[in-house]
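Undergrad: Mind folding the following:
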Amino acid sequence: MTQRDIFFVANEVNELGGVGRWQTQMARLLADRGHRVTVVGIAPAHHPMDLGEPPFRTETLYARRPPGRPRARRLLGPADPAVRRHEAHMRTAAARLTTLFRAARPGAVIIVAQVWAMEWVALADTAGHRVIGMTHESFETCRKSSRFARVKKYFKDVDRLLALTQEDADRWVGEGLNNLGFMPNPLPIVPDTPSQRTEKVVASIGRLSHEKGVDLLLDAWAEAAQRQPGWTLRIYGKGEAEAELRQRCADLGLEDSVDFAGQTDDVPGALRASSVFVQSSRGEGFPLVLLEAMACGVPCVAFDCAPGVREIVGHEEDGLLARPGNTFELARHLVRLMSDEQLRDSMGEQALRSARRFDPETITDRWEELFDFLER
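TA: All right, here's what the predicted structure looks like:
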């Protein structure tokens, strides 16, 4: 396999969250195979994670997060001085990318993990290198955001645009893009010991925000806990909605059966201490935490809110899926698993087997095969 210079360019180098974790893992996996990897962030992270001593180089273009692109005043348009100053600052930062790219060996690959970062890559000289863009969210979630038009604008001419699933890739093709592929995320952890599924604990792990739908989970838990007393819902995570969620928990009378456990640095340990995992998100891309739960032998209950969710969880095989936002259905699925030890065990064992599809070495092989294909 050809050893290459590989650049990851994203909003931040080490932001705590799904994209940041994916980027760090893939950079390590490719560096371990002998590639020379550089991770470039546009701005410093809001919530940085500790990278330790990574086997890759890191660069950040700005010391402080740059302001958003100003809206041109109607009469001036692109000639608006504020717009011109902003673009000049962007070009200066993009020139640093050009310097990095020009120093790379032939056959280098530039992987742009987020569309905001692509705005700078588009201003840099990438001549002679392959550029791969990525969208780390479902098509439907992106379509509802300001990123939708920017993905179509900035990624239309890259060598390959990767969605997380074939279903999402097909949706982007329907928008007129003809450079689509898909690449699932690798399994983030390969734990030595799976859960024994003996604790009466349902775990939830994620940011306490509106998108993650913990408010919906509490509504579902009010029904499930009543039908299966003695179980605990353990919610791991922090976020802007925490105070509101704690109040909702109290209003529902759930304080005795809900444990707000805070952020955890030991996800495998949290999962091994549970027997069921639940995800109640309003939107997702390719949720790594579902993979982590399955790799720990924990059956999952989740809202079927994105193609990435049903790509990971096989309904009635290794987990149970509820219609998005349907808290009664989510509660019913939880009760099924909480009340049936045999079902928990059979689905948990199948989850262990299913998770192997996303083995890190297998996914890294797919990346290297893509690099070779694009070089032909």
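
Undergrad: mind checking how far the top helix by length along the chain is from the chain centre?
TA: Here the longest helix in the chain is taken by residue count, with DSSP state H as the criterion, and it is helix 81-102. Taking the mean of its C-alpha atoms, helix 81-102 sits 28 Å from the chain's own mean (CA atoms, centre = their mean, to the nearest Å).

Undergrad: going on from that helix, what's the next piece of helix or strand?
TA: In the C-terminal direction, the helix or strand that comes right after helix 81-102 (DSSP states H and E) is strand 109-112.

Undergrad: Does that following strand pack against any helices or strands, and if so which?
TA: Contacts of strand 109-112 with other secondary structure elements, assessed using 3 or more CB pairs under 8 Å, 6 or more residues apart in numbering; DSSP states H and E, are made with strand 5-10, helix 115-121, strand 130-134. Heads up, the C-betas are built off the backbone N, CA and C, glycines and all.

Undergrad: contacting residues around that strand?
TA: Residues from elsewhere that reach strand 109-112 (CB atoms under 8 Å, 6 or more residues apart in numbering): 4-10, 26, 101, 118, 121, 126, 129-134, 155, 158, 371, 374.

Undergrad: hmm, back to that, pLDDT averaged over the longest helix of the chain, what's the number?
TA: Averaged across helix 81-102, the pLDDT comes to 91.

Undergrad: distance of Arg197 from Arg227?
TA: Taking CB to CB, to the nearest Å as the measure, Arg197 falls 19 Å from Arg227.

Undergrad: for Arg150, same thing?
TA: Per CB to CB, Arg150 is found 46 Å from Arg227.

Undergrad: outside of the helix or strand encompassing Leu218, which residues touch it?
TA: Using DSSP H and E, Leu218 falls within helix 214-227. When contacts are taken as CB under 8 Å, 6+ apart, the neighbours of helix 214-227 outside the stretch itself are 202, 204, 206, 208, 231, 233, 235, 237, 241, 244-245, 248-249, 252-254, 257-258, 278, 280, 282, 303, 325, 327-328, 330-331, 334-335, 338-339.

Undergrad: What residues of that helix count as buried?
TA: 214-225 (16 or more other CB atoms under 10 Å).

Undergrad: Also stretch 335-347?
TA: 335-338, 344, 347.

Undergrad: And for stretch 128-140?
TA: For stretch 128-140, the buried set under the neighbour-count rule, 16+ other CB under 10 Å, comprises 129-139.

Undergrad: still on that earlier bit, which element follows the helix holding Leu218 toward the C-terminus?
TA: Using DSSP H and E, the helix or strand that directly follows helix 214-227 along the chain is strand 232-236.

Undergrad: neighbouring contacts of that next one?
TA: Counting by CB under 8 Å, 6+ apart, strand 232-236 makes contact with 200-206, 208, 214, 217, 221, 225, 245, 254, 257-264, 270, 273-274, 278, all of which sit outside it.

Undergrad: so of those, which ones are in strands?
TA: 201-205, 258-262, 278 (DSSP state E).

Undergrad: As TSV, those residues with distance to Met294 and neighbour count would be great.
TA: As requested, the ones in strands among the contacts of strand 232-236 are arranged in TSV below (distance: CB to CB, whole Å; neighbours: other CB atoms under 10 Å):
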residue	distance to Met294	neighbour count
Val201	17	21
Val202	15	27
Ala203	13	30
Ser204	15	27
Ile205	13	25
Val258	24	24
Asp259	22	15
Phe260	24	17
Ala261	21	16
Gly262	24	11
Val278	13	28
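
Undergrad: Packing partners of the helix or strand encompassing Asp168?
TA: Assigning secondary structure by DSSP H and E places Asp168 in helix 166-173. Packed against helix 166-173, as judged by 3+ CB pairs under 8 Å, 6+ apart, are the following elements: helix 139-143, strand 160-163, strand 180-182, helix 307-312.

Undergrad: how far does the third one sit from the chain's center?
TA: It refers to strand 180-182. Shown here is strand 180-182, whose average C-alpha point lies 17 Å from the average C-alpha point of the whole chain (CA atoms, centre = their mean).

Undergrad: what does the longest one give?
TA: Between the centre of helix 307-312 and the centre of its host chain there is 12 Å, according to CA atoms, centre = their mean.
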